[in-house]
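Novice: sequence below, structure please.
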Amino acid sequence: MSYSTMAHALISYVECHLESFDLKKMSDSFGFSEIYLRELFLKNVNMPIKQYCRRRRLIISAFKILHSDKKIIDIALECGFSNHESYTRAFQKVFGMSPSKFRTDRPLMGRKQLDVGVFGLEQLTIKEKRSDAVMRQDKDNTILYGIQKIGWGAYDSHTVFPICVKAVSEYLGEDVSYAYIMAATGAAFRLVWNRASWDLSNIDMFHTLGESNEIYQYGAKALGREFSFLGRDEKTTKEEFTDYMKSNIAKGYPVIALGIIGPPEPCIVAGYESAGDILVGWNFFQNDSEFASTVDFMDNGYFRCDAWWENADTQAAMCIGSVTEEPYGDKEIIKMAAAIMEAREEGSYAKGIRAYGAWKDMLLDEKWFENGTGFDEMFSKLLVQNDAMVCIGDGRKWGAGFFEELSEKKGSEEKKICLKIAEHFKNVSNLSGEMMSLVGDWSNTENMLQNLANRSVREQLSKLIESAEYEDTKAYEQIKMLLERI
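Specialist: Below is the predicted model:
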């Protein structure tokens with residue numbers, strides 16, 4: 001094994017086992033004695049292995065201090081420190097300040113190349129621009145360690161694409177709120193309903209504005225970062241997809257892909273092995289037995305998948321890259337919010353505020369709920385109903401958060417408008433919660449199906465939808481008023 005290959009292997013192992021590092025297990029894995037492994041690590045990495053692990057755990061803890069609300073002592077214990085005093089001393093030695101001051105001052109943290117083909121979190125001095133990048137690349141294996149795990153409920157949200165954008169943005173050193181990400185991607189303001197059918201794709205980001213993949217770029221623009229996109233059609237080859245992902249990941253940039261494992265929902269590709277035949281990362285369906293039969297796992301939790309191209313739902317890949325320009329401002333986000341919420345029809349899709357009427361009409365149209373409707377058909381309707389409730393419940397909650405944050409930067413009149421918008425959005429989110437209570441919870445699917453089939457329940461749902469439409473309309477009017485003032 002060459003010098004560079006050995007360094008790669010040693011660093012990769014430690015990065016993958018930081019939270020539960022055990023020298024004996026590492027020596028067993030490499031087939032070396034602990035004494036020889038220590039010598040080998042020092043020779044190849046120029047730092048004693050225990051010192052390296054301690055420093056890397058401190059780096060991870062600093063990242064958690066910035067991007068979570070956990071108590072500092074709880075973070076210290078999670079990262080392997082036995083008490084607050086020893087943790088604070090060690091933290092001060094590495095970062096030159098206490099953990100609490102670090103949380104207040106919020107220095108830059110993000111990804112840095114640790115070795116050829118290995119990236120991890122570090123303290124940064126600047127956000128890297130394209131011209132700053134000098135990367136030693138590995139064409140066969142590159143892993144980006146330290147990306148926040150994604151899943152349902154991450155960041156207290158259930159909206160998939162913004163969750164991925166937030167995790168990637170943190171890894172790249174951005175320090176913006178999740179409410180900002182929800183607003184910047186447009187996810188906080190959307191609602192779409194297909195009048196032609198109970199359409200499981202209603203909530204796809206693709207439908208948010210025009211029928212276009214352009215919607216995916218706005219999160220990157222709000223961060224002032226480069227964005228690229230590769231879609232899959234009948235002419236796209238696996239080699240094209242592989243080269244696209246490798247070229248970005250080899251420079252330290254995670255890829256957000258649609259599919260890889262299971263449905264065409266966004267996920268994060270955090271690395272590749274075997275020249276791209278195997279992809280690793282985080283996916284919302286990686287532990288779902290229905291989809292994960294071809295998946296195994298790295299010790300840090302990343303999936304490993306070698307059948308990603310054979311999955312027909314692997315439909316696109318995109319990358320938020322280097323800093324290229326100033327982020328677009330709050331006014332651009334508010335303009336986008338108004339465009340998304342505007343009542344309009346596009347083909348069979350009712351969008352923005354008009355979607356409420358289409359949703360209500362289909363709930364009250366008995367042709368969709370006639371006797372004899374099969375289980376599969378009713379279950380699909382339940383999923384569509386649930387998607388719509390989650391869309392406005394989660395979206396408007398974070399939309400309210402965005403306008404509350406914005407209010408702190410505005411003068412008295414604009415502040416009042418922002419807070420009114422936030423109040424209307426909170427009302428929509430609360431109404432979504434009332435709808436969910438009427439339908440029931442997923443611990444009793446049969447009861448949920450019966451409720452949705454019940455005309456009386458659907459009439460109650462329709463009244464709540466009307467109320468949500470009213471609140472969203474008021475919020476939209478206030479958004480247009482705010483645009484006139486800024």
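Novice: can you list contacts of stretch 333-340?
Specialist: If you take C-beta atoms under 8 Å, 6 or more residues apart in numbering as the criterion, stretch 333-340 is touched by 183-184, 186, 188-190, 208-209, 218, 222, 351-352, 399, 402, 476, 479-480, 482-483, 486. To be clear about C-beta, it is placed using only N, CA and C from the backbone, and glycine gets the same treatment.
Novice: ok, now with 7 Å
Specialist: Contact with stretch 333-340 is made by 183-184, 186, 189-190, 208-209, 218, 222, 352, 476, 479-480, 482-483, as judged by C-beta atoms under 7 Å, 6 or more residues apart in numbering.
Novice: swap in stretch 23-34?
Specialist: 13, 37, 40.
Novice: apply 10 Å and report the result again.
Specialist: 6, 9-10, 13-14, 17, 22, 35-41, 49-50, 53, 299 (C-beta atoms under 10 Å, 6 or more residues apart in numbering).
Novice: for this protein, give me the ranges with low pLDDT.
Specialist: Counting by pLDDT under 70, the chain contains low-confidence ranges at 1-4, 130-136, 372.
Novice: tell me which helix or strand Asn371 sits in.
Specialist: In this assignment (DSSP states H and E), Asn371 forms part of neither any helix nor any strand.
Novice: can I assume it is in contact with Ala453?
Specialist: Yes: using C-beta atoms under 10 Å, Asn371 is in contact with Ala453, at 9.4 Å.
Novice: looking at the two, which has the bigger crowd around it?
Specialist: A count of neighbours by other C-beta atoms under 10 Å puts Ala453 above the other of Asn371 and Ala453, at 16 against 6.
Novice: coming back round to it: ok, of the contacts of stretch 23-34, which come out buried?
Specialist: Among these, those buried by neighbour count (16 or more other C-beta atoms under 10 Å) are 6, 9-10, 13-14, 17, 37-38, 40-41, 49, 53.
Novice: dump whichever strand or helix holds Lys43 to CSV, keeping only the CA atoms.
Specialist: Assigned by DSSP H and E, Lys43 belongs to helix 34-45. Extracted in CSV, the C-alpha atoms of helix 34-45 (Å, rounded to 0.1, in the frame of the first residue of the first chain):
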residue,chain,number,x,y,z
GLU,A,34,-2.0,-1.2,18.3
ILE,A,35,1.7,-0.2,18.7
TYR,A,36,2.4,-0.5,15.0
LEU,A,37,-0.9,1.3,14.1
ARG,A,38,0.1,4.3,16.3
GLU,A,39,3.5,4.4,14.6
LEU,A,40,1.9,4.1,11.1
PHE,A,41,-0.6,6.9,11.8
LEU,A,42,2.0,9.3,13.1
LYS,A,43,4.2,8.6,10.1
ASN,A,44,1.5,9.0,7.5
VAL,A,45,-0.7,11.7,9.1
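Novice: so which bits of the helix or strand that comes right after it are buried?
Specialist: Tracing the chain past helix 34-45, the next element assigned as helix or strand by DSSP H and E is helix 49-67. Buried residues in helix 49-67, counting neighbours by 16+ other C-beta under 10 Å, are found at 49, 52-54, 56-65, 67.
Novice: farthest pair in those?
Specialist: Maximum pairwise distance among the buried residues of helix 49-67 (C-beta to C-beta): 27.1 Å, between Ile49 and His67.
Novice: any idea how far the longest helix seen in the chain is from the middle of the chain?
Specialist: Scanning the chain for the helix with the most residues, using DSSP state H, yields helix 375-407. Distance, stretch centre to chain centre, for helix 375-407: 16 Å (C-alpha atoms, centre = their mean, to the nearest Å).
Novice: buried residues in that helix, which are they?
Specialist: 378, 381-382, 384-407.
Novice: what segments of the stretch 101-250 of the chain are helices?
Specialist: 160-171, 178-184, 218-222, 238-249 (DSSP state H, counting those that start in this stretch).
Novice: any idea how many residues pack against the residue lying closest to Thr242 once chain neighbours are set aside?
Specialist: Nearest non-adjacent residue to Thr242, counting by C-beta to C-beta, 6 or more residues apart in numbering: Gly276, 3.8 Å away. Residues within reach of Gly276, counting by other C-beta under 10 Å, total 23.
Novice: who touches Gly276 in this structure?
Specialist: Per C-beta under 10 Å, 6+ apart, neighbours of Gly276: 139-142, 238-239, 241-246, 249, 308-309.
Novice: Ser348 is in contact with Asn202, isn't it?
Specialist: No: using C-beta under 10 Å as the test, Ser348 is too far from Asn202 to be in contact (11.0 Å).
Novice: give me the more crowded residue out of these two.
Specialist: Asn202 (23 against 12).
Novice: my guess is the more buried one contacts Cys391. True?
Specialist: Yes: using C-beta under 10 Å as the test, Asn202 is close enough to Cys391 to be in contact (7.9 Å).
Novice: from Ile465, how far off is the residue nearest to Trp368 when sequence neighbours are not counted?
Specialist: Counting by C-beta to C-beta, 6+ apart, Met362 is the residue found nearest to Trp368 once chain neighbours are left out, at 6.1 Å. Noted for Met362: a distance of 10 Å to Ile465, by C-beta to C-beta, to the nearest Å.
Novice: need the overlap of contacts for those two.
Specialist: Arg458.
Novice: the more surrounded of these two?
Specialist: Relative neighbour count places Ile465 above the other of Met362 and Ile465, with 25 against 22, counting by other C-beta under 10 Å.
Novice: ok, now which ones touch that one?
Specialist: 355-357, 359-361, 363-364, 388-389, 392, 431-432, 435, 458 are the contacts of Ile465 under C-beta under 10 Å, 6+ apart.
Novice: returning to that earlier point: gap between the residue nearest to Thr242 and Tyr244?
Specialist: Gly276 is 10 Å from Tyr244, by C-beta to C-beta.
Novice: what segments of the protein are strands?
Specialist: Assigned by DSSP state E, the chain shows strands spanning 109-115, 118-123, 142-144, 192-194, 225-231, 255-258, 266-273, 278-282, 295-297, 303-305, 316-323, 344-346, 349-351.
Novice: for Asp441, which of these is the nearest?
Specialist: Checked against C-beta to C-beta, the stretch from the strands of the chain lying closest is strand 192-194, at 23.2 Å.
Novice: given that closest one, what are its sheet partners and their directions?
Specialist: strand 349-351 (antiparallel) (DSSP bridges).
Novice: tell me how far the partner strand lies from the chain's centre.
Specialist: 25 Å.
Novice: my guess is Thr88 contacts Ile65. True?
Specialist: No: using C-beta under 10 Å, Thr88 is not in contact with Ile65, being 11.9 Å away.
Novice: need the residues touching each of those two.
Specialist: 72, 76, 99-100.
Novice: from those residues, pick the one nearest Ser228.
Specialist: For the shared contacts of Thr88 and Ile65, the nearest to Ser228 is Pro99 (37.0 Å; C-beta to C-beta).
Novice: got the contact list for the closest one?
Specialist: Per C-beta under 10 Å, 6+ apart, neighbours of Pro99: 58, 61-62, 65, 72-73, 75-76, 84, 87-88, 90-92.
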